[in-house]
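Mind looking at a prediction? Sequence and model below.
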Amino acid sequence: MSERKNDDFISYELQEFKLFEPLFRWARKKSLWIVAFCTGCGGIEMPPLATARYDFERFGIMPNPAPRMGDLFLITGYVTPKTLKRIIITYEMMQDPKYVLIHGSCPINGGVYWDSYNVVKQFDKYLPVDVAIAGCMPRPEAVMDGIMEIMRKIEDGTADGWKRYRENYEYYRKNQDELFGEGWREKDARRWLAWI
Ligand code: SF4
């Protein structure tokens, strides 16, 4: 009986007081793995970020081709509906907690493609965004600054897009279905992801 009480106490400490949460947040911000998936022109900013000039590995940041092991999704430029389908499925494959940074005007408001029929104008209608960097195109320093901002938000617990996606799933799903048509996952995604 006393053992059971002790268990309850520890579980209360862990769940309610979140004893180790500051440590987890610190570790998360120091080991961000970026999903290797670039869109639009801004992807060209990634080589200087990853190589000697800015060397983002010194902050614990690494590109990773496997979405299930990724934490950070960079949307590096304009997104077409066809690409957005792949982005949504990839994002949903990532484990929580996960973070999204969009860079360049295009994913924010369509940018130079604002009147194009084939560019998604408000990315945050379809997936939650944690940090957005304006500009066309943002320089590597700006992208690095955006990643630092994500790290600050992870540490103070305000990088919560992954929670918002769960809580407002109906909203995001409705917008996705309006753009692609209902049942798009079954019709399209199954063609390239046989296990869905
Ligand atoms: S914001 Fe500019 S650089 Fe970025 S994707 Fe759009 S047109 Fe290209």
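Structure's in. What do you need?

How far does the helix or strand residue 73 falls within sit from its chain's centre?
In this assignment (DSSP states H and E), residue 73 forms part of strand 72-75. Distance, stretch centre to chain centre, for strand 72-75: 5 Å (C-alpha atoms, centre = their mean, to the nearest Å).

any idea of the mean pLDDT in that strand?
For strand 72-75, mean pLDDT is 95.

C-alpha coordinates for that strand, PDB please?
The C-alpha trace of strand 72-75 is given here as PDB (Å, rounded to 0.1, in the frame of the first residue of the first chain):
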ATOM      1  CA  LEU A  72      12.100  20.800 -37.500                       C
ATOM      2  CA  PHE A  73      10.400  21.300 -40.900                       C
ATOM      3  CA  LEU A  74      11.700  24.200 -42.900                       C
ATOM      4  CA  ILE A  75       9.400  25.400 -45.600                       C
END
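
Mind checking the pLDDT average for stretch 148-157?
94.

buried residues in that stretch?
149-151, 153-154 (16 or more other C-beta atoms under 10 Å). Backbone N, C-alpha and C define where each C-beta goes, glycine included.

what ranges do the strands span in this structure?
Counting by DSSP state E, the chain has strands at residues 33-35, 62-64, 72-75, 99-103, 131-133.

What parts of the protein come near the ligand?
Counting by C-beta under 6 Å from any ligand atom, the residues of the chain close to the ligand are 40-42, 77-78, 104-106, 111-112, 136-137.

ChimeraX command for the buried members of those?
Filtering the residues of the chain next to the ligand down to the buried ones (16+ other C-beta under 10 Å) takes a single ChimeraX command:
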select :40,41,42,77,78,104,105,106,111,137
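
From the residues of the chain next to the ligand, pick the one nearest residue 32.
residue 42 (17.8 Å; C-beta to C-beta).

how close does the closest one sit to residue 77?
4 Å (C-beta to C-beta, to the nearest Å).

which one is residue 113 nearest to, not counting chain neighbours?
residue 119 (3.9 Å; C-beta to C-beta, 6 or more residues apart in numbering).

Could you do residue 153 as well?
Residue 153 sits nearest to residue 159 (C-beta to C-beta, 6+ apart), 3.8 Å away.

what number of residues lie near the one you found?
26 (other C-beta atoms under 10 Å).

So it sits against residue 129, correct?
No. Using C-beta atoms under 8 Å, residue 159 is not in contact with residue 129, being 10.4 Å away.

pLDDT weak spots in this structure?
Where the chain drops to pLDDT under 70, the residues are 1-18, 194-196.

can you pull out the helices in it?
2-15, 21-29, 46-50, 81-93, 105-109, 140-156, 161-167, 169-180, 184, 190-192 (DSSP state H).

Pick the most buried one from those helices.
helix 105-109 (a mean of 23; mean count of other C-beta atoms under 10 Å).

got the contact list for it?
39-40, 75, 77-79, 102, 111-113, 119-123, 132, 134-136 (C-beta atoms under 8 Å, 6 or more residues apart in numbering).
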